[in-house]
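**Student:** Got a predicted structure plus its sequence, pasted below:
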Amino acid sequence: MTPDAAHYDLKDTFASRRYFAKFERIFQHMLKVAGVMEAEGRLERAETTILTRYAAMLTHSFRALGWKYLLVGRETGRFFGSLTVDGIESGFPVSSELMTMANDALQAAQHLRGMDSVEEMKDAMVRAILSERKVPTKLQFGLSQRLYYEELAKGDLFWVRNDAQAEWMGEDGGRRRYRLHWATYDSEVNLPVIYLMELEDSGRELLPRDARRWPEVQAHLSAQALGGLKLVTIARGFDEDFSDLHPKRLRRFHLGPLYSHAFTRQSGPLRDVLAEARAPAGQDWAMVWTEEELLAERTVTERAGWFSTVERQIFALDPFGAALPDMGATHTMRSIILPQRPYQVLEEKNPAGFAGVRKFVVSDAGRVLRY
């Protein structure tokens, strides 16, 4: 990659395959980290299930991209592009890759109807190898595209916008309680972001079945799913726009950025740690996981018109007073997931700013240790 390029293209076959293999392992590690957080009481079982689902969706999306760019850098008979990566900000693919994939998914069935089956393609490849005695690159490319569209046709993929879904949590004081969750691939920083909101519903209809409110709620939350907005801004806007929906808890999970000595050029101590660790392929990475939480501490009643009132939430902010800048959240917890060798170097160097960061050290054997 160009050292100063913010975005770059993975044009080498083996580099591209290493990149996708790295992410598949990282997403598997994320599932185990979520399990550790659940055991610590940081996550409830339902929240772990939600995060696991989004991690699975990310895995499916990256697997599809891996099939799409499987033959990148090889002579396939026509130029079909290469994966564009945000090498400075996130280490993830740029959001336009997911937008293109969403368009391809709409036409996946049409493409599959016009292609030979996997078995037919494999038979043709064997015949080409035996008769022509050369690598059937064009047939390999055709098979990779077939597998790409098959993966898209399966669905359950992570898109740039993943609309809100509601889960029942019970009743409290005569009010229905829901947990909403939605996700986005933030185009400004090219990172997946997951939101969870717990709310009380004082409306007449069940929220997910309300033909008036539910589409409005989904559209509102998708429009406000911007990483640059503070949680308090999102929660207050929601509270003001829906008088019978009362947000009690809002959480946001930023997955990334990814630091990799082979694929990214971020500045800072983690870059130096990975360079010094000289970890083998597949272990030269570290991924940041940031969780923000906003809690409603009390409610107030405001006049709405001449004869009615409305309930508003007062959110708990800045519990440390003037010691920290206002982050628009009640709590912010930063974590980092990394293999053992980079962790050892991180502990030896002990750079400033990492004392309060939780470290999850993972191994290929499936173990997760927290420090």
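**Tutor:** Arrived safely, thanks for sending. Numbering: from 1, shown residues only.

**Student:** distance between the helix or strand hosting residue 147 and the chain's centre?
**Tutor:** Following DSSP states H and E, one finds residue 147 within helix 137-154. In this view, helix 137-154 has its centroid 24 Å away from the chain centroid, taken as CA atoms, centre = their mean, to the nearest Å.

**Student:** Show me which residues of the next helix or strand after it are buried.
**Tutor:** Once helix 137-154 ends, the next helix or strand along the chain (criterion: DSSP H and E) is strand 161-172. By 16 or more other CB atoms under 10 Å, the buried positions in strand 161-172 come out as 161, 162, 164, 166. For glycine as for every other residue, the C-beta is placed from the backbone atoms N, C-alpha and C.

**Student:** isn't the last one right up against residue 180?
**Tutor:** If I follow you right, that is residue 166. Yes. Residue 166 lies in contact with residue 180 (CB atoms under 8 Å); the separation is 5.4 Å.

**Student:** hang on, the earlier thing: report the mean per-residue pLDDT for the helix holding residue 147.
**Tutor:** Averaged over helix 137-154, pLDDT sits at 94.

**Student:** re earlier: just the buried residues of strand 161-172 now: which is nearest residue 351?
**Tutor:** residue 162 (34.9 Å; CB to CB).

**Student:** That closest one bridge partners, please.
**Tutor:** residue 183 (DSSP bridges).

**Student:** so which helix or strand takes in the residue lying closest to residue 206 once chain neighbours are set aside?
**Tutor:** Spatially, and ignoring its direct neighbours in sequence, residue 206 is nearest to residue 176 (6.9 Å; CB to CB, 6 or more residues apart in numbering). Using DSSP H and E, residue 176 sits within strand 175-186.

**Student:** Next, the buried residues of stretch 257-264.
**Tutor:** Buried residues in stretch 257-264, counting neighbours by 16+ other CB under 10 Å, are found at 257, 258, 259, 260, 261, 263, 264.

**Student:** Please name the nearest non-neighbouring residue to the first one.
**Tutor:** For residue 257, the nearest residue in space outside its immediate sequence neighbours is residue 90; the separation is 4.4 Å by CB to CB, 6+ apart.

**Student:** thought the one you found was touching residue 189?
**Tutor:** Yes. Here residue 90 reaches residue 189: they are 5.7 Å apart, a contact under CB under 8 Å.

**Student:** which one of these two has more residues nearby?
**Tutor:** residue 90 (25 against 17; other CB atoms under 10 Å).

**Student:** My reading is that that one is in a helix; is that accurate?
**Tutor:** No. Residue 90 is assigned coil when assessed by DSSP: H, G, I helix; E, B strand; the rest coil, not a helix.

**Student:** Contacts only, for it.
**Tutor:** Listed by CB atoms under 8 Å, 6 or more residues apart in numbering, the contact set of residue 90 reads 189, 190, 191, 256, 257, 258.

**Student:** how many neighbours does the nearest residue to the fourth one once chain neighbours are set aside have?
**Tutor:** This means residue 256. Nearest non-adjacent residue to residue 256, counting by CB to CB, 6+ apart: residue 191, 4.3 Å away. The tally of other residues near residue 191 (other CB under 10 Å) stands at 23.

**Student:** if I pick residue 112, what's in contact with it?
**Tutor:** Counting by CB under 8 Å, 6+ apart, residue 112 makes contact with 146, 149, 150, 153.

**Student:** Just the buried residues from those, in ChimeraX please.
**Tutor:** Entered in ChimeraX, the line below selects the buried ones among the contacts of residue 112, by 16+ other CB under 10 Å:
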select :146,149,150
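
**Student:** Dump the contacts of residue 112 into JSON lines; add distance to residue 47 as well.
**Tutor:** Output for the contacts of residue 112, formatted as JSON lines (distance: CB to CB, whole Å):
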{"residue": "146", "distance to residue 47": "37"}
{"residue": "149", "distance to residue 47": "33"}
{"residue": "150", "distance to residue 47": "32"}
{"residue": "153", "distance to residue 47": "30"}
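
**Student:** List just the nearest of the contacts of residue 112 to residue 101.
**Tutor:** Scanning the contacts of residue 112 for proximity to residue 101, where the rule is CB to CB, the winner is residue 149, at 10.6 Å.

**Student:** any idea how far that closest one lies from residue 265?
**Tutor:** As judged by CB to CB, to the nearest Å, residue 149 and residue 265 stand 33 Å apart.

**Student:** returning to what we had before: for the residue nearest to residue 257, give me the pLDDT.
**Tutor:** For residue 90, the predicted pLDDT is 92.

**Student:** what's it sitting at in phi/psi?
**Tutor:** Note on residue 90: backbone dihedrals following degrees, to the nearest 10 are phi -130, psi -30.

**Student:** do the same with residue 283
**Tutor:** The phi/psi pair for residue 283 (degrees, to the nearest 10) is phi -120, psi 10.

**Student:** Which parts of this protein are strands?
**Tutor:** With DSSP state E as the criterion, the chain has strands at 7-10, 83-86, 161-172, 175-186, 191-201, 245-260, 285-303, 309-316, 331-339, 358-362, 368-370.
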